[in-house]
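Asks: What shape does this take:
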Amino acid sequence: QVQLVESGGDLVQPGGSLRLSCAASGSIFLSNAMAWYRQSPGKQRERVASINFDGSTGYLDSVKGRFTISRDNFKNMVYLQMNNLKPEDTAVYYCNRVLPERFYGNAYWGQGTQVTVSS
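Replies: Predicted coordinates for the structure are as follows:
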């Protein structure tokens, strides 16, 4: 069964931190590069961070140095540690395999988790 369950989103003040978690079914997680994406109202979904099975990572320029992606290959979990959060980080955050942008519309997505950065 294909399943992605994101959690950990919250309302946080600018400069605060959050840790997002994603539980992925084996069919999605196994041997795949995984990523966190986000989408805010009126904007396209964008990939924020990615991590290969070997642990190598990549980040959107605007989050470099603030966000850290990690994975637990035994638990089929992916995490996103977000520090020094800014109002522009406000969005619904999703995890999924690394997907080409042209596949976003037809891909399966979980319910996401809302991150709101506001004072």
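Asks: For beta bridges, what are the partners of the most centrally placed residue in the chain?
Replies: The centroid of the chain falls nearest to Trp36 when counting by C-alpha atoms, centre = their mean (2.2 Å). With DSSP bridges as the criterion, Trp36 is bridged to Ala49, Cys95.
Asks: now do Thr57
Replies: With DSSP bridges as the rule, Thr57 is bridged to Ile51.
Asks: roughly how far apart are it and Val98?
Replies: 11 Å (C-beta to C-beta, to the nearest Å). Where C-beta positions appear, they are placed from N, C-alpha and C, glycine not excepted.
Asks: what is in contact with those two at once?
Replies: Ser50 (C-beta atoms under 8 Å, 6 or more residues apart in numbering).
Asks: May I see the buried residues of the helix or strand of the chain with the lowest mean pLDDT?
Replies: Within the chain, confidence by mean pLDDT, DSSP states H and E is lowest for helix 26-29 among all helices and strands, at a mean of 74. Using 16 or more other C-beta atoms under 10 Å as the test for burial, helix 26-29 gives Ile28, Phe29.
Asks: for stretch 104-113, same thing?
Replies: Tyr104, Trp109, Gly110, Gly112, Thr113.
Asks: could I get those as JSON lines with distance to Arg47, pLDDT and secondary structure?
Replies: Compiled in JSON lines, those are given as follows (distance: C-beta to C-beta, whole Å; pLDDT from 0 to 100; DSSP: H, G, I helix; E, B strand; the rest coil):
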{"residue": "Tyr104", "distance to Arg47": "9", "pLDDT": "94", "secondary structure": "helix"}
{"residue": "Trp109", "distance to Arg47": "13", "pLDDT": "95", "secondary structure": "coil"}
{"residue": "Gly110", "distance to Arg47": "15", "pLDDT": "95", "secondary structure": "coil"}
{"residue": "Gly112", "distance to Arg47": "14", "pLDDT": "97", "secondary structure": "coil"}
{"residue": "Thr113", "distance to Arg47": "16", "pLDDT": "98", "secondary structure": "strand"}
